[in-house]
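Student: Pasting the sequence and the predicted coordinates here, then a few questions.
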Amino acid sequence: MIDLKTQLIMALNERLIPLFVNRGFALISLSADERKSREIRSSFPMGRLRRTTEDGSFQIVEIQFDKYGDAKFRLNFGTIPPTGIDHPVKHVEQWEADIAYLPYSAELYSFPFFMKWFSVSRSVGDASEKVRKVVDRVVRYVPEVEAWFQNGKAGPHVRFVGRRLGE
């Protein structure tokens, strides 16, 4: 029997990933260094989604799973400028940066006020139906991710992380 997290990953690969690909994103695998980390492999089993804007910036979407192996996730997203990121530890080139390096990004939650991740209940019931409902919910919220990329507007399921430069 396939565990809930595996079922969820399969459903996201079937429904959410193609939605982003149709919007111009490409699925980018984890780097060799990232694959060496068990925690990163567990948290980001699908890699990242990336699209290049007209000015050369990268718009990144990460599907971050619970590091303890539960069938729950959130979306992290942000924009990496062509010049890379001047992080307090070092300058990070654009192509090697991820959301964690950004001083300002956003997260998509099932319920942002409580920072509740999208999750599949372990209660009794049809697991495939519960997985489908979770994937349906996140698919409905993808326009909020796009609105944030287009105009910085936070929808009801978006939570800002960090501060914009100059604030």
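Tutor: Ah, there it is. Numbers count the residues shown, from 1 in each chain.
Student: right, and Gly69 touches Ser42 too?
Tutor: Yes. Gly69 is in contact with Ser42 according to C-beta atoms under 8 Å; the separation is 6.7 Å. C-beta: built from backbone N, CA, C; applies to glycine.
Student: Name the residue in those two with the higher neighbour count.
Tutor: Ser42 (14 against 11; other C-beta atoms under 10 Å).
Student: Sticking with the more buried one, tell me its helix or strand.
Tutor: Element membership of Ser42, judged by DSSP states H and E, is helix 38-43.
Student: Can you give the contact residues for the helix-or-strand element of the chain with minimal mean pLDDT?
Tutor: Every helix and strand in the chain was compared by mean pLDDT, DSSP states H and E; the lowest is strand 158-162, with a mean of 89. By C-beta atoms under 8 Å, 6 or more residues apart in numbering, the residues outside strand 158-162 that reach it are 76, 102-109, 112, 115, 144-145, 148, 154.
Student: quick revisit: run through the neighbouring helices and strands of the helix holding Ser42.
Tutor: helix 32-36, strand 58-65 (3 or more C-beta pairs under 8 Å, 6 or more residues apart in numbering; DSSP states H and E).
Student: Walk me through which strands the longest one pairs with, and which way each runs.
Tutor: By that I understand strand 58-65. strand 48-52 (antiparallel), strand 72-80 (antiparallel) (DSSP bridges).
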